[in-house]
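Novice: mind folding the following:
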Amino acid sequence: MASFSRTRTIFFPSTLCFVLLLAPSPSYFASGAASRVRQRKSLADLPYASPPYPRRLTEQAAVIEWGNSAVISALDAVSSAPAFGVHASDGAFFEVEATPVIGRPNDGSSPLENADEVEGNMLVLTNGGGKSAVKMATMAQAAGAAALMVVNILDGEGGDAVAALKVLKGEEAAAAKVEIPVVSVSLASGNELTSASQPEEGRDGLPERIRLYAAGDRPFFEDVSGDGPVAYLIHDVLTEEECDGLIADASAVGLKSYDGKPNWLEGTDGAKEGTWKNLERTYLWKGLFKNLRYKTMEERIEQVTGFTADQTSDFQVDKFSESGHFSPRYDHVLNAGREQVATMIIFLNDPPDGSDGGGEIVLPSADPPLKIRPKRGMALVVHGALDDTKRWEVDSQSIRADMPVSGEGWEKWTATKYFRTGPDPLVRRIVLPALSAPTGGRLPGFVAVAFDVLVKRLGWERGVRAFDFLLMVV
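Specialist: Model (predicted):
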C-alpha cells in the first residue's frame with residue numbers, strides 16, 4: 001500500500017475529525033498564559049500569523065469522492081484556480097471521473113516513467129520534489145492526464161495543511177496554458193486515499209475510480225492551529241438564509257446588554273468590569289422543540305463536528321456594535337460530568353464591502369498568535385480543554401478575544417454553541433425550552449439564578465442534581 005510522508009515516519013490514514021479531536025497540545029497553567037497576554041502592550045501588537053484567516057475561498061473548494069451507493073468516502077480539496085487551471089465554479093468543465101494513478105517518481109522530480117498509465121486518468125503527485133505547481137500541471141497535461149492532484153507533504157499542522165497552488169514569477173505564460181483541473185489535498189487526505197482498497201488488488205491502496213467536483217455550498221475545513229490550541233474553521237456551516245434567520249430570531253426575542261455576571265446554565269463564566277464593551281446577548285432555548293430550520297442546522301453541525309445534538313448547547317447569539325469588543329477569556333465551564341470542552345463561534349454577517357470592519361477573533365496564546373476575520377456562515381471551533389488522565393483541564397492556549405468593531409455603522413453578529421463531554425438530561429431539553437417558549441427562546445431570569453445559587457451552595461455535582469430534580473417536579 002502506498003503512503004505519502006515527509007520523513008521516514010509512516011502516517012496512517014485518519015479522518016479530519018479524528019486528527020482534530022485527538023491532536024496533542026502543549027499543557028501549561030492557564031494563569032501563565034493569561035499573564036503573558038496581559039504583559040503585551042496591546043492585542044493589536046501581537047505577531048499574528050500572516051496573512052490572517054480565512055485563507056481558503058469558497059469558490060476554490062472541491063470534493064474528491066469514491067465508493068458506491070452503500071458506502072461513499074469523500075475528501076476536501078482546494079482548486080488551483082483562479083491562479084491557473086480550470087475553475088471549480090466552471091461546473092461540468094471542472095468535474096472529472098477517472099482512475100487515480102500515482103506518478104513514478106511520485107514527486108514529479110523527473111520525467112514520468114508511467115506516462116502511459118497516466119493518460120486519461122488523474123495523476124497523483126506530492127510537492128516534495130522541488131517542482132512548482134505549474135510545472136507539475138504542465139507535466140500532467142503533457143502526459144494526457146484528465147486532472148492533477150497534489151498531496152502536500154511539506155507543511156506541518158499534523159498533516160492537515162493544504163498547500164496553496166501558486167503561479168511563480170516567470171510562470172505566467174505556462175500557467176495560462178494549463179487546461180486541466182488541478183487540486184491540492186493534505187497529507188492526511190492523501191494517505192486516506194491510498195488506504196481505500198486492499199494492497200493485493202494491485203492498486204497501491206487507491207480506489208478504482210474517483211470523482212472530482214466543486215464543493216458548492218458543502219461545508220469544508222481549514223486548519224488554523226499550528227502547534228496549538230486545537231482550532232479549525234468550518235466554512236459554509238450555515239447558509240446565508242440561516243444566518244439571517246438567527247439574527248431575526250434573536251432580534252425578535254430581544255438582546256440584553258451583557259453585564260459580566262456568570263450564567264453557568266447557559267455555558268458562560270463571569271467577566272470583570274471593563275473587559276467588554278457594547279455587547280448584547282441572548283440565548284435561544286429550543287431543546288427538543290426545534291422547527292425544520294433549526295433541525296437542519298443541528299444535523300449539519302453534528303455531521304461536521306462529530307458532537308451529537310444532545311451534547312451541544314442551543315444557540316447563544318451576540319451582537320457587537322461599534323467599538324464593541326471582549327478581552328481574552330476561556331470558555332471551559334465545569335458541569336458535573338458534562339464538561340464544556342469545545343466552542344463553536346459562527347459569524348452571522350460580513351463586514352461592509354471595502355472595509356475590514358474589525359471584529360476579528362484572536363487566539364493570542366497560540367504559536368504563532370492567530371487572527372480570524374468575520375465571514376458569514378463560517379465557524380471557528382476551539383477545543384478549550386485537554387483530557388489528562390480522565391480529568392479535563394483548561395488548555396491555556398485556547399484563550400480567545402474579540403477585537404473592536406471598527407466599521408462605521410457595522411454590527412458584528414455571532415452565534416455560539418458549546419460542546420460537552422456528555423448529553424444534557426432529557427428533562428432540561430424539555431422543561432427549559434418550554435419555560436422559554438412564551439418569549440420565543442429566552443429563559444426567564446430566575447431559572448438561571450436558581451441554578452447558580454444551587455451550584456454555589458451545594459457544589460457542582462449536588463447542585464446540578466438538585467436543579468434537575470426541581471425540573472422533574474415542574
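Novice: what segments of the stretch 51-200 of the chain are strands?
Specialist: Per DSSP state E, counting those that start in this stretch, the stretch 51-200 of the chain carries strands over the ranges 61-67, 72-79, 96-98, 100-102, 122-126, 147-151, 182-185.
Novice: need those in JSON lines with distance to residue 429 and mean neighbour count, can you?
Specialist: In this view, the C-beta of every residue, glycine as well, is placed from N, C-alpha and C. Below are the strands of the stretch 51-200 of the chain laid out as JSON lines (distance: least, C-beta to C-beta, whole Å; neighbours: other C-beta atoms under 10 Å):
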{"stretch": "strand 61-67", "distance to residue 429": "34", "mean neighbour count": "20"}
{"stretch": "strand 72-79", "distance to residue 429": "31", "mean neighbour count": "20"}
{"stretch": "strand 96-98", "distance to residue 429": "44", "mean neighbour count": "16"}
{"stretch": "strand 100-102", "distance to residue 429": "45", "mean neighbour count": "23"}
{"stretch": "strand 122-126", "distance to residue 429": "46", "mean neighbour count": "27"}
{"stretch": "strand 147-151", "distance to residue 429": "43", "mean neighbour count": "27"}
{"stretch": "strand 182-185", "distance to residue 429": "39", "mean neighbour count": "26"}
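Novice: a markdown table for those, including mean pLDDT and distance to residue 214?
Specialist: Below are these laid out as a markdown table (pLDDT from 0 to 100; distance: least, C-beta to C-beta, whole Å):
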| stretch | mean pLDDT | distance to residue 214 |
| --- | --- | --- |
| strand 61-67 | 89 | 6 |
| strand 72-79 | 87 | 8 |
| strand 96-98 | 93 | 11 |
| strand 100-102 | 94 | 18 |
| strand 122-126 | 95 | 16 |
| strand 147-151 | 95 | 13 |
| strand 182-185 | 94 | 10 |
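Novice: can you list the weak-confidence ranges in the chain?
Specialist: 1-41, 69-70, 156-158, 197-204, 226, 333-337, 354-355, 387-392 (pLDDT under 70).
Novice: which helix or strand contains the residue nearest the centre of it?
Specialist: Centroid check for the chain by C-alpha atoms, centre = their mean gives residue 233 as the closest residue, at 2.5 Å. In this assignment (DSSP states H and E), residue 233 forms part of strand 231-235.
Novice: elements contacting that strand?
Specialist: strand 220-223, strand 379-383 (3 or more C-beta pairs under 8 Å, 6 or more residues apart in numbering; DSSP states H and E).
Novice: deepest-packed of those, please.
Specialist: For the helices and strands packed on strand 231-235, average neighbour numbers computed from mean count of other C-beta atoms under 10 Å are highest in strand 379-383, which has a mean of 25.
Novice: quick one: buried residues of the helix or strand following the strand holding residue 233?
Specialist: Following strand 231-235 in sequence order, the next helix or strand is helix 240-253 (DSSP H and E). Within helix 240-253, the residues that count as buried by 16 or more other C-beta atoms under 10 Å are 242, 243, 245, 246, 247, 249, 250, 253.
Novice: CSV for these, including distance to residue 454?
Specialist: CSV is the format used below for those (distance: C-beta to C-beta, whole Å):
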residue, distance to residue 454
242, 35
243, 36
245, 34
246, 30
247, 33
249, 29
250, 28
253, 25
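Novice: next, the angle from the strand holding residue 233 to strand 72-79.
Specialist: In terms of direction (axes from the mean of the first three to the mean of the last three C-alpha atoms, to 10 degrees), strand 231-235 departs from strand 72-79 by 90 degrees.
Novice: for the residue nearest to the centre of the chain, give me its contacts.
Specialist: 53, 54, 56, 221, 222, 223, 224, 372, 378, 379, 380, 381 (C-beta atoms under 8 Å, 6 or more residues apart in numbering).
Novice: and what of residue 72?
Specialist: Each residue near residue 72 by C-beta under 8 Å, 6+ apart is listed here: 65, 66.
Novice: tell me how far it lies from residue 468.
Specialist: 41 Å (C-beta to C-beta, to the nearest Å).
Novice: related to what we said a few turns ago, would you turn the strands of the stretch 51-200 of the chain into JSON lines with distance to residue 275?
Specialist: Shown next, in JSON lines, are the strands of the stretch 51-200 of the chain (distance: least, C-beta to C-beta, whole Å):
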{"stretch": "strand 61-67", "distance to residue 275": "37"}
{"stretch": "strand 72-79", "distance to residue 275": "37"}
{"stretch": "strand 96-98", "distance to residue 275": "52"}
{"stretch": "strand 100-102", "distance to residue 275": "52"}
{"stretch": "strand 122-126", "distance to residue 275": "47"}
{"stretch": "strand 147-151", "distance to residue 275": "44"}
{"stretch": "strand 182-185", "distance to residue 275": "41"}
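Novice: between those, which gets nearest to residue 88?
Specialist: Set against residue 88 and scored by C-beta to C-beta, the strands of the stretch 51-200 of the chain come closest in strand 72-79, at 4.2 Å.
Novice: take that closest one, keep the C-alpha atoms, and write them as CSV.
Specialist: Backbone C-alpha positions of strand 72-79 (Å, rounded to 0.1, in the frame of the first residue of the first chain) are rendered in CSV as follows:
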residue,chain,number,x,y,z
ILE,A,72,-19.2,6.8,-0.1
SER,A,73,-16.0,8.4,1.1
ALA,A,74,-15.0,12.0,0.4
LEU,A,75,-12.1,14.3,1.0
ASP,A,76,-11.7,18.1,0.9
ALA,A,77,-9.6,19.5,-1.9
VAL,A,78,-8.5,23.0,-2.9
SER,A,79,-8.6,24.1,-6.6
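Novice: returning to what we had before: now the strand holding residue 233 against strand 379-383, angle please.
Specialist: Using the same axes, to 10 degrees, strand 231-235 lies at 160 degrees relative to strand 379-383.
Novice: direction included, what does strand 231-235 pair up with?
Specialist: strand 220-223 (antiparallel), strand 379-383 (antiparallel) (DSSP bridges).
Novice: take those strands and write them to JSON lines, including distance to residue 453.
Specialist: Listed next are the strands paired with strand 231-235 as JSON lines, based on distance: least, C-beta to C-beta, whole Å:
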{"stretch": "strand 220-223", "distance to residue 453": "41"}
{"stretch": "strand 379-383", "distance to residue 453": "30"}
